[in-house]
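K.L.:
Fold the stuff below for me.
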Amino acid sequence: MTAGMDHLRHLSRDDLLKLVEVYARNWLAHDGCWFLAAEERLGMDVAMELDTHAWRCFSPVEARRIMAAFGIAPGSGLAALERALKLRLYAAINPQVIEWTNEGALRLHMLECRVQQTRRHKGLPDFPCKSVGMVEYTEFARAIDPRIETVCIACPPDPVTDGYCTWEFCL
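P.N.:
Residues are numbered from 1 along each chain as shown. Sure thing, here's the model as predicted:
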């Protein structure tokens, strides 16, 4: 742990877990504030373009940092992706289920989504995140293992009946 985090050494396990959730919520709130400001000023199309670019940059960085911190070897397949997905910031605040299909693919179901819940609470339409999600999940998975292919099963603006979105990964 770096010297800048010495004050965290004295926190209990429960307080550290609470802090992870606070950090993840703050990160997502900042992302949402940024996006809403871009949408208000530049319109949805430009905001989506900027958001896509940001996720194209951020997703592999997040994956590589998780890999480095938790000893996940590059190119180690879907099992490594499963582990890394569980360690993402999203996983701390958006309940999700990860399962293996009979065909050996990995499937991620986002059961709750704070982005969509917040937009609905504010009276805004669902965020049409499928195109951004394709970049986000594809880049994250490829940073773990370049052989991994990402398929969107359902994500807004698609009608979503089982949670908020579903993604499938295969080699």
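
K.L.:
tell me what the helix or strand bottoming out on mean pLDDT in the chain is packed against?
P.N.:
Every helix and strand of the chain was ranked by mean pLDDT, DSSP states H and E. The lowest is helix 114-121, at a mean of 86. Where contact means 3 or more CB pairs under 8 Å, 6 or more residues apart in numbering; DSSP states H and E, helix 114-121 is packed against helix 13-42. C-beta here means a position set from N, CA and C on the backbone, and glycine is covered the same way.

K.L.:
Now do the buried residues in the helix it packs on.
P.N.:
In terms of neighbour count (16 or more other CB atoms under 10 Å), helix 13-42 has its buried residues at Ala24, Leu28, Asp31, Gly32, Phe35, Leu36, Ala38, Glu39.

K.L.:
Please tabulate the residues you listed in CSV, including the columns distance to Ile66.
P.N.:
Formatted as CSV, the buried residues of helix 13-42 follow (distance: CB to CB, whole Å):
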residue, distance to Ile66
Ala24, 13
Leu28, 17
Asp31, 18
Gly32, 22
Phe35, 23
Leu36, 27
Ala38, 27
Glu39, 29
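
K.L.:
Using TSV, lay out those together with pLDDT.
P.N.:
Formatted as TSV, the buried residues of helix 13-42 follow (pLDDT from 0 to 100):
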residue	pLDDT
Ala24	94
Leu28	91
Asp31	91
Gly32	88
Phe35	91
Leu36	88
Ala38	96
Glu39	91
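
K.L.:
and which of the residues you listed is nearest Ala80?
P.N.:
Within the set of the buried residues of helix 13-42, Ala24 lies nearest Ala80; the separation is 21.4 Å, counting by CB to CB.

K.L.:
Alpha carbons only: can I get the least confident helix or strand of the chain in CSV?
P.N.:
This file holds the C-alpha atoms of helix 114-121, laid out as CSV (Å, rounded to 0.1, in the frame of the first residue of the first chain):
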residue,chain,number,x,y,z
ARG,A,114,-27.4,2.5,-11.4
VAL,A,115,-27.1,4.5,-14.7
GLN,A,116,-30.5,3.4,-15.9
GLN,A,117,-32.1,3.7,-12.5
THR,A,118,-30.8,7.2,-12.0
ARG,A,119,-32.0,8.3,-15.4
ARG,A,120,-35.5,6.9,-14.8
HIS,A,121,-35.6,8.6,-11.4
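
K.L.:
got a list of contacts for that helix?
P.N.:
Here helix 114-121 makes contact (CB atoms under 8 Å, 6 or more residues apart in numbering) with Arg25, Leu28, Gly32, Ile93, Asn94, Pro125, Asp126, Phe127, Cys129, Pro156, Tyr164.
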